[in-house]
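[1] Here is the input, now give the coordinates:
(one chain, ligands or ions: 2)
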Amino acid sequence: MSSPSSAARVAAPDTLTLTRPDDWHLHVRDGAALASVLPHTARQFARAIVMPNLRPPVTTTAQALAYRERILAARPAAGEPGADFQPLMTLYLTDNTPAEEIAHAKAAGIVALKLYPAGATTNSDAGVTDIRRTYATLEAMQREGVLLLVHGEVTDPAVDLFDREAVFIEQVMQPLRRDFPELKVVFEHITTREAAQYVAGAGPHTAATITAHHLLYNRNAIFQGGLRPHCYCLPVLKREQHRQALLAAVASGSDRFFLGTDSAPHAAVMKEASVCGAGCFTAPAALELYAEAFESVGALDKLDAFASAHGPAFYGLPRNTGTVTLRREPWALPESLPFAEDAAIKPLRGGEILPWRLVD
Ligand code: DOR
Ligand code: ZN
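    Ligands and ions are numbered 1, 2, ... in the order given. Presented below is the predicted three-dimensional model:
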């Protein structure tokens with residue numbers, strides 16, 4: 001009789017207990033949409049980095065503080081799970097963000113600025129046209145210890161959509177790192193082998209977030225049996241070899257990589273349209289999706305640090321106390337959920353059976 005493989009001898013766990021995790025990249029929108037999506041995240045995460053790409057964008061400290069109050073007001077009621085959720089606020093970097101705004105922002109608890117190359121994605125029209133125009137502000141951020149969060153894609157229409165992240169590394173990231181070696185930079189939602197390799201070798205002041213959808217899907221998902229708008233996000237899903245590189249990055253246990261869902265809610269009617277907005281709505285089952293991805297490469301033991309330790313360490317914030325528990329319990333994620341006024345939203349994997357379930 002052959003001896004059992006080591007995988008067979010080590011029983012797969014049926015419960016997973018994690019330190020309360022954080023989401024280091026999240027879109028919650030505003031108004032009625034905010035009220036419908038925020039409770040999903042508050043149930044799963046203690047804190048989240050809130051993206052500033054509202055219309056108009058959140059460019060000043062005063063706007064960010066007002067937005068923070070609206071988010072706090074959208075939390076579950078006292079005594080319910082998620083009532084103590086804390087948003088971590090960011091500003092939207094423009095060509096004209098005054099360097100003087102940075103000390104003011106830091107004093108008000110703003111932790112980061114987000115760099116959107118102008119035109120790269122949803123609500124990025126007011127973004128940066130040339131990073132050199134922001135150098136005085138980046139200098140102030142480096143001095144004050146305010147992080148730079150980067151949407152890492154060039155916008156040159158001559159560059160193929162699938163190559164825009166790799167080209168961004170050469171054209172923007174490498175000069176940025178050279179000119180601001182002490183600035184803490186998060187390369188957001190990386191999607192390629194090139195970005196994973198770059199971050200792994202870029203030194204202690206560079207990190208990356210990785211979404212659950214880029215760990216679970218390659219670009220075939222967008223075209224599986226017909227065009228799948230709910231799998232369309234930016235940066236767009238890439239080839240399988242890139243997905244494998246992202247899985248290897250998280251399975252390595254490197255503290256340069258941490259959880260950022262990029263959950264990006266759009267009403268179903270806006271996704272299922274002739275022009276479909278970019279974004280995957282993953283907040284309702286974010287931890288479940290990450291657990292599935294980590295398990296697929298035998299890396300469940302790396303999920304706790306990815307979700308709960310690496311992010312706080314990079315941001316210089318304390319780890320959360322308390323725990324959350326995932327159970328191996330197949331359940332059907334609803335196909336559609338209420339969104340804003342009388343609208344619906346379709347979460348990624350909605351209508352499908354998920355193997356892991358967050359226990360309330
Ligand atoms: O897929 C995306 N959706 N990528 C982004 O960069 C923006 C986001 C959104 O705000 O919808
Ligand atoms: Zn985003």
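
[2] can we go C-alpha only for contacts and neighbour counts from here?
    OK.

[3] ok, and what's touching stretch 307-321?
    Where contact means CA atoms under 8 Å, 6 or more residues apart in numbering, the residues beyond stretch 307-321 that reach it are 18-24, 46, 147, 207, 255-259.

[4] Same question for stretch 229-242.
    121, 153, 161-162, 165, 189-193, 214, 217-222, 271-272, 276-281, 346-348.

[5] are any of the residues you listed buried, and which?
    Buried subset of the contacts of stretch 229-242 (neighbour count, 16 or more other CA atoms under 10 Å): 121, 153, 162, 165, 189-193, 214, 217-219, 221-222, 271, 276-281, 346-348.

[6] Flag every residue of the stretch 1-150 of the chain that's near ligand 1.
    121-122 (CA under 6 Å from any ligand atom).

[7] Strands along the stretch 1-150 of the chain, start to end?
    15-19, 22-26, 47-50, 86-92, 112-115, 147-150 (DSSP state E, counting those that start in this stretch).

[8] Packing partners of the fifth one?
    Strand 112-115 is packed against strand 86-92, strand 147-150, with contacts defined by 3 or more CA pairs under 8 Å, 6 or more residues apart in numbering; DSSP states H and E.

[9] For ligand 1, what is the nearest residue in the stretch 251-360 of the chain?
    Gly279 (3.2 Å; CA to the nearest ligand atom).

[10] Tell me which residues touch that residue, please.
    By CA under 8 Å, 6+ apart, the neighbours of Gly279 are 230-234, 262-266.

[11] May I ask which two of the contacts of stretch 307-321 are separated the most?
    Leu18 and Leu147 (26.0 Å; CA to CA).

[12] Among those two, which residue is more densely surrounded?
    Leu147 (22 against 17; other CA atoms under 10 Å).

[13] Could you verify my assumption that the more buried one touches Glu182?
    No: look at Leu147 against Glu182 with CA atoms under 8 Å: they stay out of range, at 10.2 Å.

[14] Show the average pLDDT along the helix or strand hosting Phe314.
    Here Phe314, judged by DSSP states H and E, is contained in helix 310-315. For helix 310-315, mean pLDDT rounds to 98.

[15] in it, what's buried?
    310-312, 314-315.

[16] For the residue nearest to Ala245 when sequence neighbours are not counted, give me its contacts.
    With sequence-adjacent residues excluded and distances taken as CA to CA, 6 or more residues apart in numbering, Ala245 is closest to Arg193, at 5.1 Å. Taking CA under 8 Å, 6+ apart as the criterion, Arg193 is in contact with 241-243, 245-246.

[17] Top of the residues you listed by number of neighbours, please.
    Leu246 (26 neighbours).

[18] any weak-confidence spans in the stretch 51-200 of the chain?
    Residue ranges of the stretch 51-200 of the chain with pLDDT under 70: none are present.

[19] Can you show me the helices along it?
    61-73, 101-107, 135-144, 164-168, 174-179, 193-200 (DSSP state H, counting those that start in this stretch).
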